[in-house]
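Trainee: fold the stuff below for me.
(2 chains)
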Amino acid sequence: MTSIRIGAGQGFYGDTPDGAVDVATSGDVRYICFDALAELTMAILQKDRMRNPEGGYTRDLPGFMRRLLPITHAMGIRLITNAGGMNPAGAAEAVRSAARDLGMTDLRVASVTGDDLSMRVDELIAAGVDLRNMDTGDDLASVRARIVFAVVYLGAAPIVEALQRGAEVVVTGRVADASLFVAPMVHELGWAFDDWDRLAAGVVLGHLMECSGQATGGNFSGDWWNIAGLDRVGYPVCEMNDDGTALLTKPRGTGGRVSVDTVKEQLLYEVLDPRRYMNPDVVADFTSVHLEEVAADVVRVSGVHGTQRPDTLKVIAGYLDGWMGTAMIGYSWPDAEPKARRSAELIERLAQRAGLEPLEMVTEVIGIDSLHGDAAPHQDANEVLLRVAARFATEEEAARFPRAAMPLALNGPPFIGGAAGPSGSRALLGVWPARVPRDTVEAGVHVDVHAAGDEA
Amino acid sequence: MSTRIRLADVAQTRSGDKADLANIALFAPTDAMYAAIVREVTPERVKKLFGRFVKGEVERYEVPNVRALNFVLHQALDGGGARSLRSDPLGKSY
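Mentor: Numbering: from 1, shown residues only, chains lettered A, B, ... in the order given. Below is the predicted model of the structure:
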């Protein structure tokens, strides 16, 4: 039976390249796929691009490449990453530049563009595309003037094209996480784009691998205390067979654990309806997935069913929604929490007297209720950290807010925890999920492939 | 006859975000325990537990192949990751 081994190299923007290095050197893989994007990440990269039109891709991409290419180029391992974010063409140039520095002028690098709809929103509206919020049903008009970016989730097809055209590194923008992994499966195993069960199997494996160590022992809610070697957790490696069954494992000599229990947690991570997991290329039924431990750190994945791909593709738009300022002060025993609560009331009044007009405020007593809110059981804490976050219409107000709270260092309830100095303000971006007909965007998708040494 | 157990002692969970939605997957270790969580852990109880954190509805999906319930919490993240004022804007700790 034909099969292909693919490894995961990154689970988020900020992840270490160490996991990918282990996958390359000890994973016996021919592809490594890097998922650098999330909704929050798109917002961060868009802020970068607004400051610098040359930016907008993850800043650590050249570093990843300088570390990995000397290993992978010699071994013939191909790399696929969505770290291009809001600027895949610029990111691909950065990869070529890194390759030139390494003397690899023959390295063929592809960029996939066409996912960025930021400049096409009015055009889509004029064409009658309904961009209402798919969660709330709200009309886009309520945020239209404040939209700063819009991207559509592409599927595996443009990456397959890049691989067919000989790309050794493929850099994309907002390709769906799992599709990064589906592409080499389609390319190597010759799957058809209407072979729903196999595509669904690819999506399941891609979904299991896209968050790197979260499938192999990281963030594990079971007996986490028994999982050894999380300082060098093995990133997922899959062996996908042409019949759509697969093995999930990790590189030799790495830490972490691959078991049904670690893998099943990732299966449902960020999933809505498990019977209909929507990917651009297929709708996968996660209730059909069969997981079985077949050896130490090897889980067999089989039985996956899929149905026809959706007629629409998911879009997320980001819109400006004010500015956040944060004030933080620590309090200690006795009465740590009551001191923090009193202090929060004082901060609200101090802000008022400073002429600030918060649109909303969130008060958290870290150590008591910041993570679980009303669900937190009440207990007396020895020490707490008060955090008051407020949203303002202007950056100026958000920046002034923590200063308004500073007098409490001497004038408030007694504290020993220390007050954090005024922290910077932050722009808040709302995320607007919608769906667009696929034919309105697919014609704009473009794949560019050329070698690092070529004239751009 | 019934006994009280603490879910955290027997079950696994994982949570995450999609815009202003959060999901919580709750995994039972045995068939008997799965039947028990299907019976006991209703969307209404989850919604009530989270109180002011979850402004919308809570949906529940059964995933028997991994003995799990998947809860989808609407308007649960103060507007979502890049918009939220909360310490955990992504619902990772739900």
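Trainee: now chain A against chain B: closest residue?
Mentor: With Cβ to the nearest Cβ as the measure, residue A:374 is the residue of chain A nearest to chain B, at 2.9 Å. From N, CA and C alone the C-beta is placed, and that goes for glycine too.
Trainee: thought that residue was touching residue B:50?
Mentor: Yes: between residue A:374 and residue B:50 there is a contact under Cβ atoms under 8 Å: 6.6 Å.
Trainee: which one's more surrounded, those two?
Mentor: Legend: neighbour count by other Cβ atoms under 10 Å in any protein chain shown for residue A:374 and residue B:50, higher for residue B:50 (21 against 12).
Trainee: give me the contacts around the host helix or strand of that one.
Mentor: Using DSSP states H and E, residue B:50 sits within helix B:43-50. With contact meaning Cβ atoms under 8 Å, 6 or more residues apart in numbering or on different chains, helix B:43-50 is reached by A:372-375, B:24, B:54, B:57-60, B:71, B:73, B:76, B:94.
Trainee: closest one of those residues to residue A:409?
Mentor: When these are compared for distance to residue A:409 (Cβ to Cβ), residue A:373 wins out at 27.5 Å.
Trainee: let me see the domain layout of chain A.
Mentor: Following automatic domain parsing, one gets these domains for chain A: A:3-115+A:153-311+A:438-455, A:320-433.
Trainee: and the gap between the closest residue to residue A:14 other than its chain neighbours and residue A:44?
Mentor: Take residue A:14 and drop its neighbours on the chain: the residue closest to it by Cβ to Cβ, 6 or more residues apart in numbering or on different chains is residue A:60, 7.5 Å away. According to Cβ to Cβ, to the nearest Å, residue A:60 stands 12 Å off from residue A:44.
Trainee: spit out the residues that contact the two alike.
Mentor: Residues touching both residue A:60 and residue A:44 (Cβ under 8 Å, 6+ apart): residue A:13.
Trainee: near chain A, anything from whichever helix in chain B runs longest?
Mentor: The helix that spans the most residues within chain B, counting by DSSP state H, is helix B:31-40. No: using Cβ under 8 Å from any Cβ of the partner chain, helix B:31-40 never reaches chain A; the gap is at least 12.5 Å.
Trainee: outside of that helix itself, list whatever touches it.
Mentor: Contacts of helix B:31-40 (Cβ under 8 Å, 6+ apart): B:7, B:10-11, B:26, B:28, B:62, B:64, B:67, B:69.
Trainee: now do that helix: distance to the chain's middle.
Mentor: 15 Å (Cα atoms, centre = their mean, to the nearest Å).
Trainee: so for it, what's the average pLDDT?
Mentor: Taken as a whole, helix B:31-40 carries a mean pLDDT of 96.
Trainee: that older thread, from what I can see the residue nearest to residue A:14 touches residue A:13, true?
Mentor: Yes: using Cβ under 8 Å, residue A:60 makes contact with residue A:13 at a distance of 7.3 Å.
Trainee: between the two, which contacts overlap?
Mentor: Counting by Cβ under 8 Å, 6+ apart, the residues touching both residue A:60 and residue A:13 are residue A:83.
Trainee: which one's more surrounded, the two?
Mentor: residue A:13 (21 against 17).
Trainee: contacts only, for that one.
Mentor: A:36-38, A:41, A:44-45, A:58, A:60, A:83.
Trainee: just the element for residue A:239, please.
Mentor: strand A:237-241.
Trainee: and the helices in chain A?
Mentor: Listed in chain order, the helices of chain A (DSSP H) span A:18-26, A:39-51, A:61-75, A:88-101, A:121-126, A:157-164, A:177-189, A:196-209, A:260-267, A:336-353, A:395-405, A:408-411, A:439-442.
Trainee: with just CA atoms, put the fourth one into PDB.
Mentor: Extracted in PDB, the C-alpha atoms of helix A:88-101 (Å, rounded to 0.1, in the frame of the first residue of the first chain):
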ATOM      1  CA  PRO A  88       2.200  35.600   1.500                       C
ATOM      2  CA  ALA A  89       4.100  37.200  -1.400                       C
ATOM      3  CA  GLY A  90       6.300  39.200   0.900                       C
ATOM      4  CA  ALA A  91       6.800  36.100   3.100                       C
ATOM      5  CA  ALA A  92       7.900  34.000   0.100                       C
ATOM      6  CA  GLU A  93      10.400  36.700  -0.800                       C
ATOM      7  CA  ALA A  94      11.700  36.600   2.800                       C
ATOM      8  CA  VAL A  95      12.100  32.800   2.500                       C
ATOM      9  CA  ARG A  96      14.000  33.200  -0.800                       C
ATOM     10  CA  SER A  97      16.200  35.800   0.800                       C
ATOM     11  CA  ALA A  98      17.000  33.400   3.700                       C
ATOM     12  CA  ALA A  99      17.700  30.700   1.100                       C
ATOM     13  CA  ARG A 100      20.100  32.900  -0.800                       C
ATOM     14  CA  ASP A 101      21.900  33.700   2.500                       C
END
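Trainee: residues near residue 75, how many?
Mentor: You didn't pick a chain, so chain A it is. Neighbours of residue A:75 using other Cβ under 10 Å come to 11.
Trainee: ah, I was thinking of chain B
Mentor: The number of residues near residue B:75, taken as other Cβ under 10 Å, comes to 18.
Trainee: list the beta-bridge partners for the nearest residue to residue A:116 once chain neighbours are set aside.
Mentor: The shortest distance from residue A:116 to any non-neighbouring residue, by Cβ to Cβ, 6+ apart, is to residue A:151 (5.7 Å). Residue A:151 has these beta-bridge partners by DSSP bridges: residue A:116, residue A:316.
Trainee: so what pLDDT did residue A:151 get?
Mentor: If you check residue A:151, the pLDDT there is 97.
Trainee: give me the beta-bridge partners of residue B:61?
Mentor: With DSSP bridges as the criterion, residue B:61 is bridged to residue B:70.
Trainee: returning to what we had before: just the domains of chain A: most buried one?
Mentor: domain A:3-115+A:153-311+A:438-455 (a mean of 21; mean count of other Cβ atoms under 10 Å in any protein chain shown).
Trainee: point out where chain B drops to low pLDDT.
Mentor: B:1 (pLDDT under 70).
Trainee: in it, which spans are strands?
Mentor: Using DSSP state E, the strands found in chain B span residues B:12-18, B:21-27, B:58-63, B:68-73.
Trainee: the third one packs against which elements?
Mentor: Think strand B:58-63. helix B:43-50, strand B:68-73 (3 or more Cβ pairs under 8 Å, 6 or more residues apart in numbering or on different chains; DSSP states H and E).
Trainee: report the central residue of chain B.
Mentor: The centroid of chain B falls nearest to residue B:24 when counting by Cα atoms, centre = their mean (3.5 Å).
Trainee: list the contacts for that one?
Mentor: By Cβ under 8 Å, 6+ apart, the contact set of residue B:24 is B:13-15, B:46, B:70-71, B:73, B:91, B:94.
Trainee: circling back to that earlier point, buried residues in the helix holding residue B:50, which are they?
Mentor: By neighbour count on 16 or more other Cβ atoms under 10 Å in any protein chain shown, the buried set for helix B:43-50 is B:43, B:46-47, B:50.
Trainee: out of those, who's nearest residue A:365?
Mentor: residue B:50 (17.3 Å).
Trainee: what's the distance between the closest one and residue B:19?
Mentor: 17 Å.
Trainee: what does residue A:328 give?
Mentor: In terms of Cβ to Cβ, residue A:328 sits 27 Å off from residue B:19.
Trainee: tell me the pLDDT of residue A:420.
Mentor: pLDDT at residue A:420 comes out at 68.
Trainee: revised request: answer the last question for residue A:409.
Mentor: According to the prediction, residue A:409 has pLDDT 87.
Trainee: also residue A:456?
Mentor: pLDDT for residue A:456: 55.
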